[in-house]
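>>> Have a look; sequence and predicted model below, questions after that.
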Amino acid sequence: MSKKISLPRIKGRIIKIAVIGGAECNEETYETAYKVGFAIGSQNAILINGGLYGVMEASAKGAKDSGGITIGILPSENEDTANKYIDIRITTGIGYARNAIIIKSADAVIAIDGGFGTLSEIGYTLSYDKPLVALNTWKIIPCNKKYEPLMHYVKSADEAAELAVDLALENK
């Protein structure tokens, strides 16, 4: 008989934390993303990301290693493009446009490292009024003060995951 776990919920919905970052990353960034994913899974939140490699793979691996659940929103129509740590593979066939779906599906977002794809996801995060937790990623100076309360810069993986879950719970 499998053990039933209690997942944090907002109005009956399970908390989903998106982890965004590059498909390519160095070893230090991979380890950071792994720790973030592990902490998300440890808090019984679902990790959602783009399902590919680099930061996405590392965070999904961390979540799985802590007993968590992972969702990958894939840019292609092929499920086999997902990394092996993704439980639920959602194919889109829409390339980078899937970034909007990742962010729309999340209750809070953690950005780690990344390139222009990550920057576009940060833009979606703020435009959809979602909390953004930034860890070793783009430094954004908003031109409109209304975005400042959504932006949180942190220095550790544990702080990022804990803050993201807290912000997700507060935001709803």
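Sure, I can see it.
>>> Which secondary structure element of this structure has the lowest mean pLDDT?
strand 9-10 (a mean of 61; mean pLDDT, DSSP states H and E).
>>> Low-confidence stretches in this protein?
1-12, 172 (pLDDT under 70).
>>> just the helices in it please.
27-42, 55-65, 98-105, 116-127, 157-171 (DSSP state H).
>>> how far is the shortest one from where the chain is centred?
Between the centre of helix 98-105 and the centre of its chain there are 10 Å (CA atoms, centre = their mean, to the nearest Å).
>>> CA-only coordinates of that helix in PDB, if you can.
Extracted C-alpha coordinates of helix 98-105, given in PDB (Å, rounded to 0.1, in the frame of the first residue of the first chain):
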ATOM      1  CA  ARG A  98       5.200  27.100 -24.200                       C
ATOM      2  CA  ASN A  99       7.000  29.400 -21.700                       C
ATOM      3  CA  ALA A 100       3.700  31.200 -21.300                       C
ATOM      4  CA  ILE A 101       2.000  27.900 -20.400                       C
ATOM      5  CA  ILE A 102       4.700  27.100 -17.800                       C
ATOM      6  CA  ILE A 103       4.200  30.400 -16.000                       C
ATOM      7  CA  LYS A 104       0.400  30.500 -16.300                       C
ATOM      8  CA  SER A 105       0.300  27.000 -14.700                       C
END
